[in-house]
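Chemist: structure, please.
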Amino acid sequence: MKKKISLILGLALLLVVSLAIEQQSAPTGKEISIDLGKGVKMEMVLIQPGEFMMGSPSTEKGRGWIDEAQHRVRITKSFYIGKYEVTQQQWKAVMGDNPSHFRGTNNPVEKVSYNDCQEFIARLNGKVPGGGFKLPTEAEWEYAARAGITTRFYWGDDPNCIEIENYAWYGWDKGNTRKKTHPVGTKKPNLWGLYDISGNVWEWCSDWYSEKYYNNSPVNDPQGPGSGKYKVKRGGGWHVIGMYCRSAVRLKIPPGLKGNSGGIRCARTP
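Modeler: Residues are numbered from 1 along each chain as shown. The predicted model follows:
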């Protein structure tokens, strides 16, 4: 009897500790819905501060030369990030046009450059009371994408890229995309409720690209180098194979370049 009681108490304690760890590493779950006019909304999720290992270890399967080596990053301030990639309907509500190649009201907007996205954000800040919209930094993006998970994908290591089918639109003719984008929110989200943060379209970040910045970057809230030739995109897209949808994957892209695989996910300061 004493052994059974001890076992029960031990399991109960383990459950309490697990719940505490989960609470500490997860966002509040608070979501906001922003009115863009004419019935168009933008949903955002509040992400709480925390620490994580940014980048990928040298042993990670599929790791490329452009991936950053693992380093500790501390996000010290909460921020909102889009629950979904910005859709064509949302872009049109703000900008008045739809530049996308793959048309669909709820498909992610694409064929937008970094410069276009900055204009979108400027207009969004003028349109919505309180403003505060921006592109996420690389660190904010990866922190939100991983959602407390340390594996190469936010659903696990998935060594043979089998589970990716449930979480991302990817793969050109060898994946599930049929060579096009798809409506946002139709695959499973990560643990913090963010959809399509891998696959569908690559997402612009605010950072200038650098191969050396993260070798000696600040632990707290790194912003990227002060200048550069290229901007960073994250998350993979409809046209790439599974290993290029890993949480640590990054691209360097000229800020004026447009393409039908690149879009945007907004962040916002509370």
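Chemist: low-confidence ranges, the chain, go.
Modeler: 1-29 (pLDDT under 70).
Chemist: that one: strands as residue ranges?
Modeler: Listed in chain order, the strands of the chain (DSSP state E) span 31-37, 40-47, 50-54, 71-75, 79-82, 133-134, 202-208, 231-234, 250-253, 262-263, 267-268.
Chemist: and the ones you listed: which comes nearest D221?
Modeler: The minimum distance between D221 and the strands of the chain falls on strand 71-75, with 6.4 Å, by C-beta to C-beta. Where C-beta positions appear, they are placed from N, C-alpha and C, glycine not excepted.
Chemist: tell me the most buried of the strands of the chain?
Modeler: Of all those, strand 262-263 has the most neighbours on average by mean count of other C-beta atoms under 10 Å, namely a mean of 28.
Chemist: next one: that strand to chain centre, how far?
Modeler: Here strand 262-263 is found 12 Å from its chain centre; the criterion is C-alpha atoms, centre = their mean, to the nearest Å.
Chemist: against which helices or strands is that strand packed?
Modeler: Counting contacts by 3 or more C-beta pairs under 8 Å, 6 or more residues apart in numbering; DSSP states H and E, strand 262-263 packs against strand 202-208.
Chemist: which outside residues touch the strand it packs on?
Modeler: 85, 112, 114, 117, 134-138, 141, 197, 223-237, 251, 261-265 (C-beta atoms under 8 Å, 6 or more residues apart in numbering).
Chemist: repeat for stretch 65-77
Modeler: 47, 49-58, 60, 139-140, 143, 211, 214-215, 217, 219-222, 248-252, 269.
Chemist: I'd assumed A139 was in contact with A267.
Modeler: No: between A267 and A139 there is no contact under C-beta atoms under 8 Å: 11.2 Å.
Chemist: now the common contact residues for those two.
Modeler: Common neighbours of A267 and A139, using C-beta under 8 Å, 6+ apart, do not exist here.
Chemist: picking up where we left off before, and the contacts of strand 202-208, which are buried?
Modeler: 85, 112, 114, 117, 134-138, 141, 197, 224, 230-237, 251, 261-265 (16 or more other C-beta atoms under 10 Å).
Chemist: wouldn't P255 be in contact with C117 here?
Modeler: No: if you go by C-beta under 8 Å, P255 and C117 don't touch, sitting 9.2 Å apart.
Chemist: now the helices for this structure?
Modeler: Along the chain, counting by DSSP state H, helices occupy 2-25, 88-95, 114-127, 138-146.
Chemist: leaving out chain neighbours, which residue sits closest to Y114?
Modeler: P255 (3.8 Å; C-beta to C-beta, 6 or more residues apart in numbering).
Chemist: and that neighbour, how many neighbours?
Modeler: Counted with other C-beta atoms under 10 Å, residues neighbouring P255 total 16.
Chemist: just T177 next, same as before
Modeler: If we define neighbours as other C-beta under 10 Å, then T177 has 21 of them.
Chemist: K212 and G256, how far apart?
Modeler: Per C-beta to C-beta, to the nearest Å, K212 is found 24 Å from G256.
Chemist: ok, G55 next?
Modeler: For G55 relative to G256 (C-beta to C-beta), the value is 27 Å.
Chemist: got a list of what P222 touches?
Modeler: 73, 137-139, 213-214 are the contacts of P222 under C-beta under 8 Å, 6+ apart.
Chemist: check I264 too.
Modeler: Counting by C-beta under 8 Å, 6+ apart, I264 has contacts 85-86, 109, 112, 117, 120, 135, 203-204.
Chemist: what do you get for P49?
Modeler: 74-78.
Chemist: can you do 6 Å?
Modeler: 75-76, 78 (C-beta atoms under 6 Å, 6 or more residues apart in numbering).
Chemist: G185 - how many residues pack around it?
Modeler: Neighbours of G185 using other C-beta under 10 Å come to 17.
Chemist: sorry, wrong one. I was asking about M95.
Modeler: M95: 16 surrounding residues under other C-beta under 10 Å.
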